[in-house]
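Visitor: From the sequence below, what's the structure:
(chains A and B)
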2 protein chains.
Amino acid sequence: MEYKERLKQFIQELKTGYLPSVSMDFVIFGFHEGQLKVLLLQWEGIHDWLLPGGRVRLNENLDDAAYRNLRERTGLGEVFLQQFHTFGNVIRNTYYAIEETLDRLGLSPEDLEGLPGRDVSVGYYALVEYTKVKPSPDLLTQEIRWCSIDEVPRLLFDHNEMITLALKTLRRQLSYQPIGYNLLPDKFTMPQLQQLYETILGQPLDRRNFQKRMLGYGILERLEERKAIGAHKAPYLYRFDMASYQNALAEERMFII
Amino acid sequence: MEYKERLKQFIQELKTGYLPSVSMDFVIFGFHEGQLKVLLLQWEGIHDWLLPGGRVRLNENLDDAAYRNLRERTGLGEVFLQQFHTFGNVIRNTYYAIEETLDRLGLSPEDLEGLPGRDVSVGYYALVEYTKVKPSPDLLTQEIRWCSIDEVPRLLFDHNEMITLALKTLRRQLSYQPIGYNLLPDKFTMPQLQQLYETILGQPLDRRNFQKRMLGYGILERLEERKAIGAHKAPYLYRFDMASYQNALAEERMFII
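Guide: Coordinates of the predicted model:
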């Protein structure tokens, strides 16, 4: 099927099978060895980049829709998704932007009739180890790629604002919940953990304070073996004590860096 | 106009003037001298209580709709509202609950035709000094009152869950933002400030640690005058240094109790 036909079919489904004025968008942060990236995609026929997103089926829970859309659009499955804000300014109107590209897409304004004028979009974010996941574009997506957080271009709609707020929320999360499980190797050194925090916060942290506080939370287990990196001063290896870690996640004990 | 007619008119407006599948609900916490309450209302003709809520006009920003609805439903104006979560389970369906009470309301199922089957509801919370505000019920509301946080009854829809999550978010907020402006008198004592934190957290705090940390944040200004409460040991009076306070709000420096 031609792209134009597929798009028409997609729009037809939108009119009947989904909640009319609700959408969702995903800020997927990718961490790997001191780098923080965000997952962006490009719709076929449209030059500008945007965040992966989706809609909610009529009989689908909002969070279930989030996982389904993320899987369909990116191939990502077992990701911890977290709602961070719902965006509802009138001017964020998705379809205005599509209208501007109607010619390029080979559609007429009539094809859009019956669509609601605007969406309120629920924003979700996640943090993943980006070398472990393989994003796979869906039919409507031309390209999908990780983009360094410092090099995000001007995106469609209000998606730059979404990334800014998601990053602020992720950083705030460090003040009440532990982080690191699924992002670090099973056994890791204190410098590796510190690098994770520094990457997310975007600033260096004092080594001694960091270590003292981290050990104070009681979520780390120091192992007998050390990391082999040279003749002497091999750093200790740690792993998370998962019972304490889960407790800290649930209790939201304050985690101060 | 009879209640039944007003309700029919209200439903008619819902079908044409508002976003079809988005609603909002408000968890308004009221603080006064060590007590934490929440604002509940009762619709005319329905026994169970619920949170104040509302809908979004077709050409209205989400946050503007929040302030308008809050004002219309409760008479509250200058309140700092904060989004905390969007609720979208299929079974939270608002109209199922109304359908159960159709008989009592004198409506037939046909009156509801054309309404969307379910809403996704954006939750907002606020914290106010409850003696300073006078909630005023709107046309559809039979009664509106403050209810102690420990005595909230079984509410309609998923509104108990909303209160639980709003309270969790408010408590979390204490870990990264200062609180107290607009809730305490202009000049207040350290015990008054501590009582505010203890009331929100629902647990006692160590007096000396609290004072030391609070003074450490640099948002308090100690006044020359003291509170006159007896012959000696009159406690110091403080007020917020608003420039530092606003800075701390914006920067989200971590505020640990």
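Visitor: Just give the number of residues close to A:Ala228.
Guide: Residues lying near A:Ala228 (other CB atoms under 10 Å in any protein chain shown) number 8. In this view, the C-beta of every residue, glycine as well, is placed from N, C-alpha and C.
Visitor: Apart from its neighbours in sequence, what residue is nearest it?
Guide: A:Ala234 (6.1 Å; CB to CB, 6 or more residues apart in numbering or on different chains).
Visitor: quick one, what contacts that neighbour?
Guide: By CB atoms under 8 Å, 6 or more residues apart in numbering or on different chains, the contact list for A:Ala234 reads A:226-228.
Visitor: likewise A:Glu44?
Guide: Residues in contact with A:Glu44 (CB under 8 Å, 6+ apart) are A:3, A:140-142.
Visitor: on that earlier part again, distance of the residue nearest to A:Ala228 relative to chain B?
Guide: 33 Å (CB to the nearest CB, to the nearest Å).
Visitor: Same check on A:Gln9?
Guide: 22 Å.
Visitor: what's the weakest-modelled helix or strand in chain A?
Guide: helix A:94-100 (a mean of 55; mean pLDDT, DSSP states H and E).
Visitor: Point out where chain A drops to low pLDDT.
Guide: By pLDDT under 70, the weakly predicted segments of chain A are A:1, A:93-105, A:112, A:114-117, A:229-232, A:253-257.
Visitor: Near chain B, which residues of it are found?
Guide: A:19-22, A:56, A:58-63, A:65, A:83, A:85-90, A:116-118, A:120, A:122, A:168, A:171-172, A:175-176, A:252, A:254, A:256-257 (CB under 8 Å from any CB of the partner chain).
Visitor: Give me the buried entries from these.
Guide: By neighbour count, with 16 or more other CB atoms under 10 Å in any protein chain shown, the residues of chain A next to chain B hold A:19-22, A:56, A:60-63, A:65, A:83, A:85-89, A:116, A:118, A:120, A:122, A:171-172, A:175-176, A:254, A:256-257 as buried.
Visitor: Strands - which of the residues you listed land there?
Guide: Secondary structure defined by DSSP state E assigns A:19-22, A:56, A:83, A:85-87, A:120, A:122 of these to strands.
Visitor: still on that earlier bit, out of the contacts of A:Glu44, give me the two with the largest separation.
Guide: Maximum pairwise distance in these, criterion CB to CB, is 11.4 Å, between A:Tyr3 and A:Thr141.
Visitor: Who has more neighbours out of these two?
Guide: A count of neighbours by other CB under 10 Å puts A:Thr141 above the other of A:Tyr3 and A:Thr141, at 17 against 14.
Visitor: Identify the residues contacting the nearest residue to that one once chain neighbours are set aside.
Guide: Closest residue in space to A:Thr141, ignoring its immediate chain neighbours: A:Leu41 at 5.0 Å, by CB to CB, 6+ apart. By CB under 8 Å, 6+ apart, the residues touching A:Leu41 are A:49-52, A:73-74, A:137, A:141-145.
Visitor: next one: A:Gly106
Guide: A:Lys4.
Visitor: Would you mind measuring from it to A:Glu5?
Guide: 10 Å (CB to CB, to the nearest Å).
Visitor: Over to A:His85?
Guide: Counting by CB to CB, the gap from A:His85 to A:Glu5 is 36 Å.
Visitor: Check for me that A:Phe29 belongs to a helix.
Guide: No - using DSSP: H, G, I helix; E, B strand; the rest coil, the assignment for A:Phe29 is strand, not a helix.
Visitor: That one pairs with what?
Guide: A:Phe29 has these beta-bridge partners by DSSP bridges: A:Val38, A:Leu127.
Visitor: Give the burial count for it, as a bare number.
Guide: There are 22 residues near A:Phe29, going by other CB under 10 Å.
Visitor: Test my guess that it contacts A:Leu51.
Guide: No - when contacts are counted by CB atoms under 8 Å, A:Phe29 is not listed as touching A:Leu51 (11.5 Å).
Visitor: can you give me the helices in the stretch 51-200 of chain A?
Guide: Secondary structure of the stretch 51-200 of chain A (DSSP state H, counting those that start in this stretch): helices at A:62-74, A:94-100, A:102-105, A:159-173, A:190-201.
Visitor: List the buried residues of the helix or strand that contains A:Leu41.
Guide: Assigned by DSSP states H and E, A:Leu41 belongs to strand A:35-43. For strand A:35-43, a neighbour-count test (16+ other CB under 10 Å) marks A:36-43 as buried.
Visitor: Quickly list the domain ranges of chain A.
Guide: A:3-173, A:190-251 (automatic domain parsing).
Visitor: Could I get these in JSON lines, plus columns for distance to B:Leu205?
Guide: JSON lines is the format used below for the domains of chain A (distance: least, CB to CB, whole Å):
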{"stretch": "domain A:3-173", "distance to B:Leu205": "22"}
{"stretch": "domain A:190-251", "distance to B:Leu205": "16"}
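Visitor: Need the winner for burial among those.
Guide: domain A:3-173 (a mean of 17; mean count of other CB atoms under 10 Å in any protein chain shown).
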